[in-house]
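Colleague: below is the structure, and that's it, no one-letter string:
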């Protein structure tokens, strides 16, 4: 059985960071359109101040995540990045790098295999609202 590669992308408008948005709907649409039954979905957030992860997407867990990344790289610290660019977002780059720009998820029976309380989220860490693109590559077989 030949492998299939299906590529697609979508965009999400996000507020000043850290802003966290669930993206399961867009991912489900892309995986469904791929025709792939068994394989994996590779997602990458485009931009050096964006990240992707999974979490239980409920207000308390989202607030905890925002607070945690802010503690790890607070916006009021000195960052060497500011000496070069003076754009006030040194913390944004560090936060995004700590979480990472991509996730790989299993596709089983034509669906992304996630836990009951596990959702995929896109995070804008920048100090201004941004429209973020997520590139998705689904690889696998139709059978």
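Modeller: Yes, it's here. What you are looking at is a predicted structure, and each value in this text was computed from that prediction instead of being measured. Residues are numbered from 1 along each chain as shown.
Colleague: report all helices and strands that the lowest-mean-pLDDT helix or strand in the chain contacts.
Modeller: Least confident helix or strand of the chain, by mean pLDDT, DSSP states H and E, is helix 80-85 with a mean of 90. Using 3 or more Cβ pairs under 8 Å, 6 or more residues apart in numbering; DSSP states H and E as the contact criterion, the elements in contact with helix 80-85 are helix 90-99. (Each C-beta comes from the backbone N, C-alpha and C, glycine too.)
Colleague: buried ones in the helix it packs on, by neighbour count?
Modeller: Residues of helix 90-99 classed as buried: 90, 91, 92, 93, 94, 95, 96, 99 (neighbour count, 16 or more other Cβ atoms under 10 Å).
Colleague: you'd agree residue 122 is in a helix?
Modeller: No - counting by DSSP: H, G, I helix; E, B strand; the rest coil, one finds residue 122 to be strand, located in no helix.
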